[in-house]
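A.B. asks: Make a model of this:
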Amino acid sequence: MHAAIPTATTVLDSILFRDAFGTPRMREIFSDYALISRYAEVEIALAKAEARCGVIPSEAADEIAERTDVAALDFDLLRQETDIVGYPILPLVHQMAKQCGDAGRYVHWGATTQ
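C.D. replies: This is a model prediction of the structure:
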């Protein structure tokens, strides 16, 4: 039996072709970590905008901005929950809400994921 052979789904994650069609920086830009980071930035921006409009308490928006830590997310859990619901926003919101304590109830407040 052979050891697990790495597989690739695109040239970006191919061991053979990744540097022929990209760079380490480009792969970083298109990584799952970068994608989830942008989603978290949108959730933080939403909270700040809602606070400016008086929809949520400004203290909650501040807490969401301060306490959201993408590096501390459980990406295995994020993947598992994404497999269940079909998209990563709801699983991300769950983890952000947990990170933000009481202010977490305002993460994604009034937004639709569709």
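A.B. asks: Enumerate every residue touching the spatially most central residue of the chain.
C.D. replies: Centrality entry for the chain: nearest residue to the mean C-alpha point is I36, 2.3 Å, by CA atoms, centre = their mean. By CB atoms under 8 Å, 6 or more residues apart in numbering, I36 lies in contact with 70, 73, 75, 78, 88, 92. In short, each C-beta sits where N, CA and C put it, glycine included.
A.B. asks: The third one: how many residues sit nearby?
C.D. replies: The number of residues packed around F75, counting by other CB atoms under 10 Å, is 15.
A.B. asks: Setting aside sequence neighbours, what's the nearest residue to it?
C.D. replies: Distance criterion CB to CB, 6 or more residues apart in numbering; nearest residue to F75, sequence neighbours excluded, is D32 at 7.0 Å.
A.B. asks: Which of the contacts of I36 sits closest to D19?
C.D. replies: Taking CB to CB as the measure, F75 is the one of those closest to D19, at 24.7 Å.
A.B. asks: I'd say the closest one and L35 touch.
C.D. replies: No - at 11.1 Å, F75 and L35 do not qualify as touching, with contact defined as CB atoms under 8 Å.
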